[in-house]
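coordinates for the following, if possible.
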Amino acid sequence: MWCLGVGGIDMKQYILDIVHGISSIAKGMWVTFTYLFKPHATVEYPEVNVESMLPPRYRGILQVDMDLCISCLACERACPIECIVIEDVKGDKTFVTSKLTQKPTPKVKYPLRFDIDIAKCMFCGLCVEPCPTGAIHHTRKFEGSVTNVADLTYSYIRDTDIELAEKQVELLANKKEKEQA
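You can find the predicted model right below:
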């Protein structure tokens, strides 16, 4: 036996434990020191444009192009949590150029109400897929904080959309009156 210290502790093992502890600390500090020279992973949010860093298939808050919407209700039926509400009326037949196929798509119904409750939405994209004209799509907007939850129900109907719907209903009624006369 090399040397017994106080309380019967082997002095050789004691010194080896100290050396092992110092080497462990040195290894850990070396890892920390190497991160000092690597680029920072933290993004300073307000100063840096985060939207440019989002992946290409990012699904942000939904947007609806009411000029392309034919009120087919496919998005409303596809939504698994029923956060889309559409009310429409039948009107005179017109055509809308689809954003997806660049072909004319018939429009017979005109929306009077098109609401999406973003508070319920789980951003699954199931409403985007069945849209024949590409009217509904995800934006790159990710910041949707509001002070009142009721403000998270987005209404995409404009006054011009309601006027157009009323006008188309009148045209259809006039057309039917002429056919009956």
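
from here on, contacts and neighbour counts on C-alpha atoms
Fine.

quick one: contacts for the most centrally placed residue in the chain?
Nearest to the mean C-alpha position of the chain, by Cα atoms, centre = their mean, lies residue 60 at 2.1 Å. Residues in contact with residue 60, defined by Cα atoms under 8 Å, 6 or more residues apart in numbering, are 123, 138, 139, 140, 141, 142.

helix, strand, or coil at the residue lying closest to the third one once chain neighbours are set aside?
Using Cα to Cα, 6 or more residues apart in numbering and skipping residues adjacent in sequence, the residue nearest residue 139 is residue 60, 5.0 Å away. What DSSP: H, G, I helix; E, B strand; the rest coil gives for residue 60 is coil.

ok, now residue 165?
helix.

rewinding a little: now, the contacts of residue 60 that are in strands?
By the criterion of DSSP state E, membership of the contacts of residue 60 in strands covers residue 138.

quick one, which of the contacts of residue 60 are buried?
Among the contacts of residue 60, those scoring as buried are 123, 138, 140 (criterion: 16 or more other Cα atoms under 10 Å).

what does the last one show for phi and psi?
This points to residue 140. Main-chain dihedrals, residue 140, degrees, to the nearest 10: phi -90, psi 10.

am I right that it is in contact with residue 59?
Yes - because the distance of 6.7 Å satisfies Cα atoms under 8 Å, residue 140 is recorded as touching residue 59.

count of neighbours near residue 79?
By the other Cα atoms under 10 Å criterion, the neighbourhood of residue 79 contains 19 residues.

which residues touch it?
126, 127 are the contacts of residue 79 under Cα under 8 Å, 6+ apart.

please repeat the previous calculation with a cut-off of 10 Å.
85, 121, 122, 123, 124, 125, 126, 127, 128 (Cα atoms under 10 Å, 6 or more residues apart in numbering).

now the lengthiest helix in the chain: how far from the chain's centre is it?
Among all segments of the chain classified by DSSP state H, the helix with the greatest residue count is helix 11-35. Helix 11-35 has its C-alpha centroid displaced from the chain centroid by 48 Å (Cα atoms, centre = their mean, to the nearest Å).

contact partners of the worst-scoring helix or strand of the chain on mean pLDDT?
Using mean pLDDT, DSSP states H and E, helix 159-180 stands out as the lowest-scoring helix or strand of the chain, at a mean of 85. By Cα under 10 Å, 6+ apart, the surrounding residues in contact with helix 159-180 are 66-67, 88-94, 108-113, 158.

return the alpha-carbon coordinates of it using CSV.
Output for helix 159-180, consisting of C-alpha atoms alone and laid out as CSV, is shown next (Å, rounded to 0.1, in the frame of the first residue of the first chain):
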residue,chain,number,x,y,z
ASP,A,159,-69.3,45.2,-48.9
THR,A,160,-68.7,44.9,-52.6
ASP,A,161,-69.1,41.1,-52.3
ILE,A,162,-72.6,41.5,-50.7
GLU,A,163,-73.6,44.0,-53.3
LEU,A,164,-72.4,41.6,-56.1
ALA,A,165,-74.4,38.8,-54.5
GLU,A,166,-77.6,40.9,-54.3
LYS,A,167,-77.1,42.1,-57.9
GLN,A,168,-76.6,38.5,-59.1
VAL,A,169,-79.8,37.3,-57.3
GLU,A,170,-81.7,40.1,-59.0
LEU,A,171,-80.3,39.2,-62.4
LEU,A,172,-81.3,35.6,-61.8
ALA,A,173,-84.8,36.6,-60.7
ASN,A,174,-85.2,38.8,-63.8
LYS,A,175,-84.0,36.0,-66.0
LYS,A,176,-86.5,33.6,-64.5
GLU,A,177,-89.3,36.1,-64.9
LYS,A,178,-88.5,36.6,-68.6
GLU,A,179,-88.4,32.8,-69.1
GLN,A,180,-91.9,32.4,-67.5
